[in-house]
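K.L.:
Attaching a predicted model along with its sequence, questions to come.
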Amino acid sequence: MKRILIPTDFSKNAWNAVCYAMRLFQHQECHFFFLNTYTPVIPSSRFMAPMINGVRIEDAVRCSSENGLTKTVERVKKTFDNPKHSFETISSFNLLTDEVKEVVDEHGIDLIVAGTKGASGMEEVFMGSNTVRIIKSTKNCPLLAIPQRFEFALPREIAFATDFNRFYSQSELQPIIDLARAFSATLRIVHVQYELKALTELQQFNLNMLRKYFIDIPHYVHTVTELNSVSHTLDVFSKELDIHLLAMLHYQHSYLEKMTREPIVKRTAFHTQIPLLVIPELGMSTHTKNQAQEENLVQN
C-alpha cells in the first residue's frame, strides 16, 4: 500500500493538490496522511492577552487545525468515496519542514503531494516558498508539486529533464518508472543545452544507462537549445509536446537548482504550469557506480 503525505493549510490551492492525488491514485490502494502545522503567536509581554474569549491562544489554534483536518477528510470521502483509500490526520505545533521530515521518517512515506503557490516578490516565486523549503529539507522522499490552477489530466506524456552529467541509480528513477508504467505513458528525456554539441563520453554513458532503466517504457531523447533560461525552455518544451508531468532529480548543479537560482523575471513564466515531480538525490557508493560502469562497458 502506497503511503502519501499531503500537507494542507485548508486553502483552495491545497484542496486542488488533494483532488489531484485522489484522481492520480484512484486505482491504487493508498493510505493518505493529511498534515497541518500551526505556530501560534506567543505573547511577548504581559500586556498582550494570552487568551481570546477565555480560551488559550494555543488551544484555539490547535482546535482550528484539528477541525480543519476532520473537515478535509469528510470532504474527500464525500467527493471521491474510494474504498481503496484510507486516511489519517496529523495536527502539529511545529514548523512545517521539521514536521514533514519527522512524518516521512516515522511513517515510511512514499510520496509527498503539495500544492504550489508563488507570490510576486518572493525568492521562490516559481513554485512557492513552503514547497521549495520542503524540497530543500527533505532528502529521502520524492515530492509532487501541483500548480494551484492545474486541471487534472492523466500523465500520458512525462518529461524527464537531465543534462546527462550525473549517474542515476535505478532507485532514484523508480518513481518515474512507476508512474510511466501505471499510466502507460511515453517518457520524454529532455536535455537543455546552451549551444548544441555532441555528448561527452560521460554523458553518453549516462544516457545509455537511462535507456537500460527505461527499456520497457516508450521513450525518446530530445536535445533542445536553451531559450533565455532553463525554466523558460522547459516551459516551451512542455507546451509544445503537451507534457502532463515534468520530473527532475534534485542534486547539486541540477536543473532544479539552476531554476531556483535564476532571476525572478526569467523563471516567473514557468511557475510550475504542470505538476512537477522532484526526486531527491539518494546517493550511490563509488563501488556500485564503478560496477555499473564496468557492466555497461562489457555489454557494449
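P.N.:
That came in fine, so what should we check first? Numbers count the residues shown, from 1 in each chain.
K.L.:
mind showing which ranges of this protein have poor pLDDT?
P.N.:
Within the chain, the stretches with pLDDT under 70 are 40-55, 117-129, 260-272, 283-300.
K.L.:
What residues are bridge-paired with residue 91?
P.N.:
Counting by DSSP bridges, residue 91 is bridged to residue 36.
K.L.:
tally of neighbours for it?
P.N.:
By other Cβ atoms under 10 Å, the residues close to residue 91 number 21. In this view, the C-beta of every residue, glycine as well, is placed from N, C-alpha and C.
K.L.:
Tell me how far it lies from residue 152.
P.N.:
Distance, residue 91 to residue 152, using Cβ to Cβ, to the nearest Å: 27 Å.
K.L.:
what sits against residue 136?
P.N.:
Applying Cβ atoms under 8 Å, 6 or more residues apart in numbering to residue 136 gives no contacts.
K.L.:
With the one 4 residues further on instead?
P.N.:
The neighbourhood of residue 140, defined by Cβ under 8 Å, 6+ apart, consists of 104-105, 280, 282.
K.L.:
tell me the contacts of residue 198?
P.N.:
For residue 198, no contacting residues are found, by Cβ under 8 Å, 6+ apart.
K.L.:
helix, strand or coil for it?
P.N.:
Of the three states, residue 198 takes coil under DSSP: H, G, I helix; E, B strand; the rest coil.
K.L.:
now the helices for the protein?
P.N.:
With DSSP state H as the criterion, the chain has helices at 12-24, 57-80, 96-107, 129-137, 170-182, 201-213, 230-240, 255-261, 264-267, 286-299.
K.L.:
between the ones you listed, which gets nearest to residue 116?
P.N.:
Across the helices of the chain, the minimum distance to residue 116, taken as Cβ to Cβ, is reached by helix 129-137, at 5.1 Å.
K.L.:
Quick check: the closest residue in space to residue 10 that isn't next to it in sequence vs residue 22, distance?
P.N.:
Ranked by Cβ to Cβ, 6 or more residues apart in numbering and with sequence neighbours excluded, the top spatial neighbour of residue 10 is residue 68, at 4.5 Å. Remark: distance between residue 68 and residue 22 (Cβ to Cβ) = 18 Å.
K.L.:
just residue 145 next, same as before
P.N.:
16 Å.
K.L.:
thought residue 99 was touching residue 37?
P.N.:
Yes: in terms of Cβ atoms under 8 Å, residue 99 counts as a neighbour of residue 37; the distance is 5.0 Å.
K.L.:
Between the two, which contacts overlap?
P.N.:
When Cβ under 8 Å, 6+ apart defines a contact, the residues bordering residue 99 and residue 37 alike are residue 92.
K.L.:
Tell me how many other residues crowd residue 210.
P.N.:
20.
K.L.:
same thing with the one 3 residues further on?
P.N.:
Residue 213: 17 surrounding residues under other Cβ under 10 Å.
K.L.:
what residues are up against it?
P.N.:
By Cβ under 8 Å, 6+ apart, residue 213 lies in contact with 168, 170, 173, 177.
K.L.:
Please spell out the ChimeraX selection for the buried subset of those.
P.N.:
To isolate the buried members of the contacts of residue 213 in ChimeraX, using 16 or more other Cβ atoms under 10 Å:
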select :168,173
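K.L.:
Now distance to residue 199 too, for the contacts of residue 213, in TSV please.
P.N.:
As requested, the contacts of residue 213 are exported to TSV (distance: Cβ to Cβ, whole Å):
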residue	distance to residue 199
168	15
170	21
173	19
177	23
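K.L.:
Out of the contacts of residue 213, which comes closest to residue 72?
P.N.:
Nearest to residue 72 among those is residue 177, at 30.8 Å by Cβ to Cβ.
K.L.:
Report the residue ranges of every domain in this structure.
P.N.:
1-148, 153-300 (automatic domain parsing).
K.L.:
Thank you, goodbye.
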